[in-house]
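>>> need a structure here:
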Amino acid sequence: MKKSTWSKWIGFIILTLSAGIIYRAPYLKSVFYTPMQETFNLTNLEIAGLMSVYSLSKTILYIPGGILVDRFDNRKMLTFSLLGEAILTAVYATIPSLGVLRIIQFLYAVVNVIFWCAFVKAVRMFGSAKEQGSVFGYSEGIRAAASLIINFVALGIMARMQANMAAHPLSGVLWLYAVVYALMAIALWFVIPSGTGNEEGKHATFKDYLAVLKVPAVWLVSLLVCFAYSVQVASEFTTGYLNNVMGMTAVMAGVVATIRSYGIGLFAAPIVGKITDHASSYSRSCIVLLLIEIVLTIVLLIIPGQPSYVVLCIIVVLAFAAAMYSLRGVYYATMGEAGVPVAMTATATGIISVIGYLPDTFMNLLIGDKLDKYPGAAGYKYIFVYMIVFAALAIAVAFLINRIAKKNAEKAEAGSNA
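Presented below is the predicted three-dimensional model:
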């Protein structure tokens, strides 16, 4: 980027604000789970099926999407994806049939893959190798702020429409998202310089792509993201837990979910990201955060599923969110330890994302089936067990990444001393 530092960081803020809102419509169920069921007349399994369509499509598209982004300029990729999101969300707001919803989820996957690969590449370029925790942490914080604001506005719109006895209050939320997506697309066109991430005009060759595939730690980072994301997907069902088991209203459970998903990340990710820049390694920081997740999930598992424990449950859910969003601000920073070249970040992101976000294809179905088979608190206990198991698997993978990083550092030191 050849613009001034001030304008560069304005671009960074607008970019990460966009990343904070672009997933609100595809992941509508994370905050508006019960209203989504009622508005579209869906079962738990049907909602899980919609998320599986979205995730499976992304899985297929991540690698070609990453290659596409590495070959074209980020401004066009980012703007295209946001405009596409705006159009799709406007259709979503008309309350279409289940069949149309499946098509929308597939097309969401197309535009979101392009956006995500371009976004990770752009963010990584904002910091040096020793500043990756900070830039990814800051990006998580700004994304959280954007999501927090838009979802509180959305909850306010929904509450107002419910008070006015509107036929479909959730439609107002979707129209809000659609308008904001369009506005952010326009803003990005003016603040992101043309050619971002590819100023020299050099395109990767097939040999370069094979080189990324041969980096062992790329596959380990993929597994780390996969297991950590499995925990995150499962944790989103705490919204339904607060509503259906702990006795909170849908709106109040949505408020807690918004704070959990975005308010906590606003502070946790930037602070912890900055701390990890001074830690011995990013992979070791991941291990610590995952251990915290396990301890807090065990507490959720043993809390009785009764409304009298709702305050304690909320505290644990929010504490868990702090660890989870801090982890999100760190695990992509392990790409530096893996030895992934910055110029191939989008391609590596595509590879990592294929495996990393597979949980959307199976976790929602797994959990939706359990909730339908075991109504009430019993079904959610299964969710908490899944969270503990996947966090433990993530710790094992982070340990292996740490081992590889140490070996790479030793080789580099030996080479410099030769």
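
>>> For Met51, which non-adjacent residue is closest in space?
Asn364 (4.2 Å; C-beta to C-beta, 6 or more residues apart in numbering). Where you see a C-beta, it was placed from the backbone N, CA and C, and this is true even at glycine.

>>> That neighbour and Ile292, how far apart?
Note on Asn364: its distance to Ile292, by C-beta to C-beta, to the nearest Å, is 25 Å.

>>> Check Val389 too.
For Val389, the distance to Ile292 equals 16 Å [C-beta to C-beta].

>>> got it, and Ala378?
As judged by C-beta to C-beta, Ala378 and Ile292 stand 26 Å apart.

>>> of the two, who's got more company?
A count of neighbours by other C-beta atoms under 10 Å puts Ile292 above the other of Ala378 and Ile292, at 17 against 13.

>>> and the top helix by length along the chain, what's its mean pLDDT?
Longest helix of the chain, by residue count under DSSP state H: helix 377-417. For helix 377-417, the mean pLDDT works out to 84.

>>> try stretch 351-371
Stretch 351-371 carries an average pLDDT of 82.

>>> Would you map the helices across the stretch 151-300 of the chain?
Remark: helices assigned in the stretch 151-300 of the chain by DSSP state H, counting those that start in this stretch are 169-191, 206-213, 216-235, 238-244, 250-258, 264-277, 282-302.

>>> Now tabulate these in JSON lines and tack on mean pLDDT and distance to Ile404.
Shown next, in JSON lines, are these (pLDDT from 0 to 100; distance: least, C-beta to C-beta, whole Å):
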{"stretch": "helix 169-191", "mean pLDDT": "91", "distance to Ile404": "36"}
{"stretch": "helix 206-213", "mean pLDDT": "70", "distance to Ile404": "15"}
{"stretch": "helix 216-235", "mean pLDDT": "89", "distance to Ile404": "5"}
{"stretch": "helix 238-244", "mean pLDDT": "83", "distance to Ile404": "34"}
{"stretch": "helix 250-258", "mean pLDDT": "78", "distance to Ile404": "37"}
{"stretch": "helix 264-277", "mean pLDDT": "70", "distance to Ile404": "18"}
{"stretch": "helix 282-302", "mean pLDDT": "91", "distance to Ile404": "9"}
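
>>> Ile314 is nearest to which of those helices?
helix 250-258 (5.8 Å; C-beta to C-beta).

>>> Pull out the buried residues from the closest one.
250-251, 253-258 (16 or more other C-beta atoms under 10 Å).

>>> closest to Ala118 among the residues you listed?
Nearest member of the buried residues of helix 250-258 to Ala118, counting by C-beta to C-beta, is Thr258, at 26.4 Å.

>>> close enough to count as contact, the closest one and Asn151?
Yes: Thr258 lies in contact with Asn151 (C-beta atoms under 8 Å); the separation is 4.3 Å.
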